[in-house]
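S.K.: Starting from these lines, generate the structure:
(one chain, ligands or ions: 2)
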Amino acid sequence: MLGTVESGEGRLPGPQIGAAHTEGIVLSAEGIVKRFGALTVLDNVAFALSRGEAVGVVGPNGAGKTTLLSVLMGALEPTAGSVHYLGQNVTRLPAAERCRVGIARTHQVPKSFSGMTVFENALVAAQHGGGHRASEAYDRVVETLRLTGMLRVANRRAETLGLLDRKRLELARAVATDPKVLLLDEIGGGLTDGEAGELVSTIKVLRERGIALVWIEHIVHVLVQVTERLVCLDSGKIVADGKPRDVMKHPDVVRAYLGSAVG
Ligand SMILES: Nc1ncnc2c1ncn2[C@@H]1O[C@H](COP(=O)(O)OP(=O)(O)OP(=O)(O)O)[C@@H](O)[C@H]1O
Ligand SMILES: [Mg+2]
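M.R.: Ligands and ions are numbered 1, 2, ... in the order given. This next block holds a predicted model:
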């Protein structure tokens with residue numbers, strides 16, 4: 001239901017915004033500015049994600065993509081602007097609490113715990129990230145590992161996994177929290193084309209489960225297999241937002257990428 005965000009503790013505090021503006025929108029950001037000292041990394045960014053939608057985010061190195069993801073999930077507070085989730089203002093809600101209500105992310109550099117098995121890694125995420133009690137967390141982990149193709153390596157220690165499975169584990173740790181929105185930061189980086197194809201299949205399965213996605217990736221031909229909309233960031237501003245083929249032809253996008261490989 002719009003206007004309420006259920007968590008383990010109940011409803012989130014905070015003002016509600018008009019349902020007319022939020023109909024169909026699961027996560028939005030308005031007027032986001034992020035400065036680090038004198039450096040403006042995000043400059044008045046507006047972004048909205050519909051329920052179940054998959055949006056790709058592209059842009060050159062240093063454009064502000066990871067910073068935007070961090071603002072959306074609460075790891076960074078914006079200098080100005082607001083973030084709304086299911087109609088509620090979550091701008092000041094810490095990352096851990098946003099995770100509990102359904103916003104999960106994967107990191108550009110995988111953050112799984114070495115010395116722990118795949119199962120244990122997902123269990124920690126389900127219990128601490130997702131707020132699931134022990135009994136339900138086990139079921140959640142089994143379901144997550146099945147969805148992400150990781151059941152076959154459930155008892156392997158994280159550090160013994162190959163790159164594709166380390167990426168899948170990063171995905172599994174996020175999915176174990178039972179997200180409505182999944183924010184993926186260059187999860188395909190470093191994979192061969194074949195491996196990226198396998199990862200795409202896994203991410204498609206998550207999408208079919210109704211999870212909305214924001215996926216930052218430099219490899220556009222991989223991205224467009226899952227997303228129907230692309231956003232291009234350049235120097236902290238959104239320079240294009242629309243159908244992938246239109247965005248990739250947009251003069252500002254071509255200029256941003258001049259000399260870079262995008263596909
Ligand atoms: N904590 C920080 N303190 C100072 N500057 C930062 C901080 N985090 C990011 N930056 C700067 O903000 C800019 C945008 O960084 P960000 O990581 O968001 O870019 P990106 O688009 O994700 O790049 P990439 O494609 O290389 O991952 C860069 O100039 C970066 O050096
Ligand atoms: Mg980045």
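S.K.: can you tell me how far residue 29 sits from residue 69?
M.R.: From residue 29 over to residue 69 the distance is 11 Å, taken as C-beta to C-beta, to the nearest Å. (Glycine included, C-beta is placed from N, CA and C.)
S.K.: for residue 28, same thing?
M.R.: For residue 28, the distance to residue 69 - C-beta to C-beta - is 14 Å.
S.K.: Kindly report the same for residue 114.
M.R.: 24 Å.
S.K.: What of residue 123?
M.R.: As for residue 123, its distance to residue 69 is 25 Å (criterion: C-beta to C-beta).
S.K.: just residue 115 next, same as before
M.R.: Where residue 69 is concerned, residue 115 sits at a distance of 27 Å (C-beta to C-beta).
S.K.: The two: which has the busier surroundings?
M.R.: residue 69 (22 against 9; other C-beta atoms under 10 Å).
S.K.: Tell me, what's the model's pLDDT at the more buried one?
M.R.: Listed pLDDT for residue 69 reads 97.
S.K.: what are the ranges of the strands in the protein?
M.R.: Under the criterion DSSP state E, the chain contains strands at 6-7, 10-11, 25-36, 39-50, 54-58, 80-85, 88-89, 103-106, 181-185, 212-216, 229-234, 237-242.
S.K.: Skipping its backbone neighbours, what lies nearest residue 224 in space?
M.R.: Distances taken as C-beta to C-beta, 6 or more residues apart in numbering put residue 244 closest to residue 224, at 4.6 Å, once the chain neighbours are dropped.
S.K.: Who are the contact partners of residue 234?
M.R.: Taking C-beta atoms under 8 Å, 6 or more residues apart in numbering, we find residue 234 in contact with 59-60, 63, 252-253, 255-256.
S.K.: Flag every residue of this protein that's near ligand 2.
M.R.: Contacts of the chain with ligand 2, taken as C-beta under 5 Å from the ion, map to 65-66.
S.K.: Residue 250 and residue 232 touch, don't they?
M.R.: Yes: Residue 250 is in contact with residue 232 according to C-beta atoms under 8 Å; the separation is 7.1 Å.
S.K.: how much space between the residue of the stretch 51-200 of the chain found nearest ligand 2 and ligand 1?
M.R.: Ranked by C-beta to the ion, the top residue of the stretch 51-200 of the chain for proximity to ligand 2 is residue 66, at 3.2 Å. Taking C-beta to the nearest ligand atom, to the nearest Å as the measure, residue 66 falls 3 Å from ligand 1.
S.K.: Since that was my last question, I'll sign off now.
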